[in-house]
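Trainee: need a 3D model of the following:
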Amino acid sequence: MQSFDFDQYNEQLRQKLSCGLNSGAESCFSEVMASFIDEVEEKLAQNLTPFDHEMLACAAGCGSCCMVNVAVLQPEAFNISTHLRQTRSVVELAQLKQELHQLTYLISDLNEEERIALNKSCAFLSVDGNCSIYPVRPLMCRSITSIDANDCRDALAMRALGEQRPITMNLFQKNLFDGAFKALAQALDSCGFDDRSQELTAAVLAYLEE
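Mentor: This next block holds a predicted model:
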């Protein structure tokens, strides 16, 4: 991994986010998130080498890790709900809300091991294994990578049994997006918003039902 001052970069992100969120209205969330995500993704692209790209096994159609609890912050959930309203019909949204209700009921209060053992995929994973909200997917989803899809499946199977198995991933990408998540939470707190994380399914459903 290249030398990179994550603390300094995260503080820069926090300051920029605080300026964008300073209006105090949720209506700014989508605009702020679009700029924020673009910036972090650009920073990732600048620091990943061709070798890094070759090593990554993550690809459309896999979806092996899309059955874990995913934490999101308010602007992320708002951004996803806005994207869904813009890209899905009234009928599709009604069907999706039913699916979100069902999944929320099933996974409510489940810990990580129980969630994995349930073997129930994310509501936003399509039947062909693609992420249907990929352009606005959560920061925590962006942080996860793997160099071997089989390792992911094995690790999830063992996690459901209460055992830990390491997954080799790109640490720069993980640290970058984990730090971005913390920077967003800190900016929310400084601007008077709720900085607590929520489970993805319930958080998006709450916005879709407003």
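
Trainee: just to check, Ser143 is in contact with Lys174?
Mentor: Yes. Counting by C-beta atoms under 8 Å, Ser143 does reach Lys174; the two are 4.9 Å apart. Every C-beta, even on glycine, is put in place using the N, C-alpha and C of the backbone.

Trainee: please identify which of the two sits among more neighbours.
Mentor: Higher neighbour count among Ser143 and Lys174: Ser143, with 18 against 15, using other C-beta atoms under 10 Å.

Trainee: okay, the nearest residue to that one once chain neighbours are set aside and Gly61: tell me how far apart.
Mentor: On the basis of C-beta to C-beta, 6 or more residues apart in numbering, the spatially nearest residue to Ser143 that is not a chain neighbour turns out to be Phe177, at 3.6 Å. Computed with C-beta to C-beta, to the nearest Å, the distance linking Phe177 and Gly61 is 22 Å.

Trainee: now Gly20
Mentor: 34 Å.

Trainee: looking at these two now, which is surrounded by more residues?
Mentor: Neighbours were counted for Gly20 and for Gly61 using other C-beta under 10 Å; Gly20 has more, 18 against 9.

Trainee: measure the residue most central in space within the chain to Asp148 for me?
Mentor: Centrality entry for the chain: nearest residue to the mean C-alpha point is Pro138, 2.1 Å, by C-alpha atoms, centre = their mean. Distance, Pro138 to Asp148, using C-beta to C-beta: 23 Å.

Trainee: cool, Ala203 as well?
Mentor: 31 Å.

Trainee: what of Asp154?
Mentor: Asp154 is 9 Å from Asp148, by C-beta to C-beta.

Trainee: and Glu41, by the same measure?
Mentor: Following C-beta to C-beta, the distance that separates Glu41 from Asp148 is 24 Å.

Trainee: so what does the worst-scoring helix or strand of the chain on mean pLDDT touch, helix or strand wise?
Mentor: None of the helices or strands of the chain scores lower by mean pLDDT, DSSP states H and E than helix 149-160, at a mean of 73. With contacts taken as 3 or more C-beta pairs under 8 Å, 6 or more residues apart in numbering; DSSP states H and E, helix 149-160 sits against helix 112-118.

Trainee: and the residue nearest to Met158 when sequence neighbours are not counted, helix, strand or coil?
Mentor: Excluding the flanking residues, the one nearest Met158 by C-beta to C-beta, 6+ apart is Arg165, at 4.6 Å. What DSSP: H, G, I helix; E, B strand; the rest coil gives for Arg165 is coil.

Trainee: tell me the pLDDT of Arg165.
Mentor: Arg165 is assigned 75 on the pLDDT scale.

Trainee: just give the number of residues close to it.
Mentor: When neighbours are defined as other C-beta under 10 Å, Arg165 has 13 of them.

Trainee: do I have it right that it meets Cys152?
Mentor: No. In this structure, Arg165 is not within contact of Cys152 by C-beta under 8 Å, at 9.8 Å.
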